[in-house]
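Visitor: take this sequence and fold it.
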Amino acid sequence: MVRKTLAVAVLLGSSFLLYQVTYSHYTKHTSPNSCCNATPTKSNRFDNLIHTNGVPSPTIQELFNILGKPCPKDLKDLNEYAQREWIRKEGVERWDLDQQKLDQKFMPVFKKLGLIDEIKPEKKQFEYAFIMGALAERMKIRIAYLEKLKNEGYVFNHIVLLAGLRPANAIKEPEWVGKTEADIMMDLYKKSSLPQDRVQLVCAPMKIDSSGLPTIRPNTDDTILAFKDSEQAHAHQGSCVVISNSPFIPRPVSLFRMLLPHTFDIYGAGDAANEDIAMAVIFDELARLIFAELKLFNQLHQ
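Guide: This is a model prediction of the structure:
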């Protein structure tokens, strides 16, 4: 594994916050103490994709019945189908997908899989709350959701903002042009009522393309690995809630469980999906969730 780490100071109010920017180029993790939550407990608020033996769950079988297709026999075949039929092509962003609204016949299945409704935390106190980066509007929703939880009595000892250094999107984020996702996230956070003295910004830089230029935006894995390499991750472990919004809640939970040590107990929470969520977006996210679950399943069964 090759990692390049840069320490960056962020001004929060009258104090400086030190955080790490870490870029990781990795092939495979093998140490059980460094890469995989060995005993993940799936949230009881959404159904598993598979049984413990790798066979698709009744909910996935129900989805294929609706599609009028034979259900894949195991997680490997399910992933191959999802990568072929549902995932967006390389270089295509979510907002480029067909915006046809969700067909209501899929709603019960997607609700069971935790891709539609609000998901509340399953306990009241956490060592960490992680807020996932995204487009500005979704980050605003996620920060507001954590504010709501705080006002309802949930307690978080540390708040971690996971973002990348991708430039603001001129079409989707015109008011933020000239800033990065990390800049936007920090600006939005500073406008919130959340504590300003217990927040850490963990930022993953752009990745290098085949021409040697930093044109590839970091993904969720990159930001989790950047946190894993930070001093904060070594100083404090415990229960964590990952704040996103539907349909983007189950996948980060799987990725955190795969990439962080078992000393981190991972839960997911977030607001409901927008009423106008596109069907292609949900299927794309489901394909990515299946891929994440396949990686986690393979690690746990090595």
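Visitor: mind listing the helices for the stretch 151-300 of the chain?
Guide: 181-190, 220-228, 231-235, 250-259, 279-300 (DSSP state H, counting those that start in this stretch).
Visitor: any chance of those helices in CSV, with mean neighbour count too?
Guide: For glycine as for every other residue, the C-beta is placed from the backbone atoms N, C-alpha and C. Below are these laid out as CSV (neighbours: other CB atoms under 10 Å):
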stretch, mean neighbour count
helix 181-190, 20
helix 220-228, 23
helix 231-235, 14
helix 250-259, 25
helix 279-300, 20
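Visitor: closest to residue 108 out of these?
Guide: Residue 108 lies closest to helix 279-300 among those, at 13.1 Å (CB to CB).
Visitor: can you list contacts of that closest one?
Guide: Residues outside helix 279-300 that contact it (CB atoms under 8 Å, 6 or more residues apart in numbering) are 35-36, 38, 40, 49-50, 54, 75-76, 78-79, 82-83, 85-88, 94, 97-103, 106, 110, 113, 115, 247-248, 250-251, 254-255, 257-258, 273.
Visitor: same question for stretch 131-140.
Guide: 142-143, 146, 159-164, 168-169, 172-173, 175-176, 181-182, 184-185, 188-189, 220, 223, 242-245, 248, 252.
Visitor: surely residue 110 is in a helix?
Guide: Yes - assessed with DSSP: H, G, I helix; E, B strand; the rest coil, residue 110 lies in a helix.
Visitor: check what pLDDT the closest residue to it other than its chain neighbours gets.
Guide: Of all residues not flanking residue 110 in the chain, residue 116 sits nearest, at 5.0 Å (CB to CB, 6 or more residues apart in numbering). In this model, residue 116 is scored at 95, pLDDT.
Visitor: contacts only, for residue 116.
Guide: 107, 110, 246-247, 272-273, 277.
Visitor: show me just the buried residues among these.
Guide: 110, 246-247, 273, 277 (16 or more other CB atoms under 10 Å).
Visitor: just put those residues in a markdown table and tack on pLDDT and distance to residue 287.
Guide: Converted to a markdown table, these look like this (pLDDT from 0 to 100; distance: CB to CB, whole Å):
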| residue | pLDDT | distance to residue 287 |
| --- | --- | --- |
| 110 | 95 | 13 |
| 246 | 96 | 16 |
| 247 | 95 | 11 |
| 273 | 95 | 16 |
| 277 | 90 | 15 |
